[in-house]
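**Student:** Sequence first, predicted coordinates after that:
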Amino acid sequence: MLQYGVNDAALYDSYATGVRGDVEFHVSMARLANGPVIEMGCGTGRILIPIASEGVDITGVDREQAMLDIAERKVADEKPKGKVKLMKGDLRTFRSEVPYSLIIVAYRTFLHLTEPGSMRQALNTMRENLAPDGRLILSFFDPSIEFMVEYIGPIEANPIKTVRRFDHPVSDRPVVMSNRRSVNPESQLVTTESIFEEVGTQITVVPLTLRYVFRYEMEHLLELCGLQPEALYGDFSRGPYRYGGEQIWVARKIAT
Ligand SMILES: C[S@@+](CC[C@H](N)C(=O)[O-])C[C@H]1O[C@@H](n2cnc3c(N)ncnc32)[C@H](O)[C@@H]1O
């Protein structure tokens with residue numbers, strides 16, 4: 001089963017509730033943008049729709065049709081004030097027709113780029129898509145050594161933990177969500193196997209691998225790709241960076 005496929009996409013809004021303040025932060029940045037706004041990896045529109053509701057026109061790109069279909073339905077139901085354009089595409093290769101004043105890559109989407117070189121490829125592409133005075137916002141968790149130590153080793157050897165309970169958005173039956181994890185410090189990969197048990201019927205198992213990124217690794221990666229970090233926040237209230245919190249990068253294009 002693939003992450004963000006039909007079964008899992010239907011459950012996404014029930015379990016992916018974001019990081020405290022992330023919606024408000026992105027809405028405020030979008031309101032300040034002096035031109036077109038795009039979210040890469042927009043998913044079901046958790047951030048994109050509140051931005052559009054503030055009257056900001058926004059484009060959303062995602063590589064999973066099942067996620068875009070849900071976003072499309074929510075846009076049709078909620079009728080936000082701003083115009084929404086949804087497109088299937090990959091953030092490593094998506095070339096926009098217009099330069100963007102703000103590009104958003106929220107909630108760990110950037111960490112989905114696990115193949116060597118793919119983060120650089122995505123950053124180079126997004127720099128090309130930015131207006132000269134545009135901004136790129138990237139946000140994801142800051143890896144903590146304590147977290148890594150807990151999950152080092154093969155996934156089968158690690159315990160399954162119940163993380164959430166909710167009602168299935170379609171069948172209304174209770175769903176128990178559990179997961180188990182594995183961290184590989186050599187490849188900087190963390191794999192999470194999410195297990196959704198729709199009580200009395202089916203079990204869906206969804207693996208997801210993310211590549212965690214350290215603070216100075218990210219700073220160097222941005223600079224290598226012609227992007228100048230303007231701010232690094234540790235939370236969505238714009239607090240300072242702190243170990244084990246969030247990495248929230250705001251970067252500008254370096255003039256060439
Ligand atoms: C953790 S979800 C975040 C969704 C949404 N931004 C949010 O905050 O709820 C990651 C999303 O990124 C998408 N994604 C992952 N890799 C991608 C890629 N290379 N190009 C475009 N979208 C990608 C997934 O399909 C998924 O919808």
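**Tutor:** Great, that's in hand.
**Student:** which of the residues in the top helix by length along the chain are buried?
**Tutor:** In the chain, with assignment by DSSP state H, the single longest helix is helix 65-78. Neighbour-count burial for helix 65-78 flags 66-68, 70-72, 74-75 (criterion: 16 or more other Cβ atoms under 10 Å). Backbone N, C-alpha and C define where each C-beta goes, glycine included.
**Student:** Tell me how many other residues surround His112.
**Tutor:** Using other Cβ atoms under 10 Å, His112 has 20 neighbouring residues.
**Student:** Quick check: it touching Leu210?
**Tutor:** Yes: His112 is within contact range of Leu210, at 6.4 Å (criterion: Cβ atoms under 8 Å).
**Student:** re earlier: any idea which of the buried residues of helix 65-78 is closest to the ligand?
**Tutor:** Distance to the ligand across these (Cβ to the nearest ligand atom) is lowest for Met67, with 4.2 Å.
**Student:** For Glu24, see how far away that closest one is.
**Tutor:** Separation of Met67 from Glu24 (Cβ to Cβ, to the nearest Å) stands at 22 Å.
**Student:** just Phe147 next, same as before
**Tutor:** Computed as Cβ to Cβ, the Phe147 to Glu24 distance reads 26 Å.
**Student:** Check Leu189 too.
**Tutor:** Counting by Cβ to Cβ - Leu189 and Glu24 are separated by 31 Å.
**Student:** quick check, Met126 in a helix?
**Tutor:** Yes: counting by DSSP: H, G, I helix; E, B strand; the rest coil, Met126 is part of a helix.
**Student:** and stretch 198-211 with the ligand, contact?
**Tutor:** No: contact of stretch 198-211 with the ligand (Cβ under 6 Å from any ligand atom) is absent, the minimum separation being 8.4 Å.
**Student:** Give the buried residues for that stretch.
**Tutor:** Neighbour count says stretch 198-211 has 198, 204, 206, 208-211 buried, by 16+ other Cβ under 10 Å.
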